[in-house]
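S.K.: quick one: sequence and predicted model below, then my questions.
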Amino acid sequence: MSEKIEEPFFNKKQDQLYKIAFWSKAFAWIALIFYILLIIATFLADSGQYSSSVGTQGPAFIPYLLQNGAQLFSYLVKLGLMLVRGLAFFLVLKGISLGLYMIVETDINYRENAGGQSHAE
C-alpha cells in the first residue's frame, strides 16, 4: 500500500506572493488612514494659524472661509487633492493585493488540475 505524501498547501513562491499580497492589503488601509489623519491635521493647523494671525479665540477660520468664496474653493481643492492622493494609494495597493491573490489562486488551481505539480517549479 503506497501512502501519498501530502504536499504543503503553498510552495515557496506562492507563499512569498501571498505574504506580499497580505502586506499590500494592510498598507492600503494604513495609507488611507494616514491621509485622512493628514487632512484633519492640516485643517487644525491652518485653523490655529489663522486664529493666531488674526488674534481671535475660537473657531474663526470656518466663518472666514465661508465669507471668502475664492479662499474656500482653494482650500477645498487643497484638501481634496490630499484625499484623492490617499484614495489613489489605497486603490493601487488594494489592486496589487487582489492581483497577487488571484495569481496564487490560479497557480493552486493549475497545480491541482495538473496532478499536483506546479508550473512555477
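M.R.: Structure's in. What do you need? A quick note: this is a predicted structure, and the numbers were derived from the prediction, not measured.
S.K.: grab the nearest non-local neighbour of the spatially most central residue of the chain.
M.R.: Computing the C-alpha centroid of the chain and ranking residues by CA atoms, centre = their mean puts Ala28 first, at 2.0 Å. Here the nearest residue to Ala28 in space, its sequence neighbours aside, is Leu93; by CB to CB, 6 or more residues apart in numbering that works out to 3.6 Å. All C-beta spots, glycine's among them, are computed from the backbone N, C-alpha and C.
S.K.: ok, and the closest non-adjacent residue to Ser24?
M.R.: In space, not counting the residues next to it along the chain, Ser24 is nearest to Ser97; the distance is 4.1 Å by CB to CB, 6+ apart.
S.K.: residues in contact with the one you found?
M.R.: Residues near Ser97 by CB atoms under 8 Å, 6 or more residues apart in numbering: 21-22, 24-25, 28.
S.K.: quick one: buried ones out of these?
M.R.: 21, 24-25, 28 (16 or more other CB atoms under 10 Å).
S.K.: against Ile108, how distant is Ala26?
M.R.: In this structure, Ala26 and Ile108 are separated by 22 Å, where distance is defined by CB to CB, to the nearest Å.
S.K.: so how far is Ala70 from Leu100?
M.R.: Using CB to CB, Leu100 is found at 45 Å from Ala70.
S.K.: ok, the two, which is more surrounded?
M.R.: Neighbours of Leu100 and Ala70, each counted by other CB atoms under 10 Å, are more numerous for Leu100; the result is 21 against 7.
S.K.: now do the contacts for the more buried one.
M.R.: For Leu100, the set of contacting residues under the criterion of CB under 8 Å, 6+ apart consists of 17-18, 20-21, 24.
S.K.: of Ala26 and Ile108, which one has the most company?
M.R.: Counted by other CB under 10 Å, Ala26 and Ile108 do not tie: Ile108 has more neighbours, with 15 against 12.
S.K.: max pairwise distance over the buried ones among the contacts of Ser97: which two?
M.R.: Looking at these by CB to CB, the two members farthest from one another are Ala21 and Ala28, with 10.7 Å of separation.
S.K.: quick one: least confident helix or strand in the protein?
M.R.: Counting by mean pLDDT, DSSP states H and E, the chain has its least confident helix or strand at helix 61-67, which shows a mean of 86.
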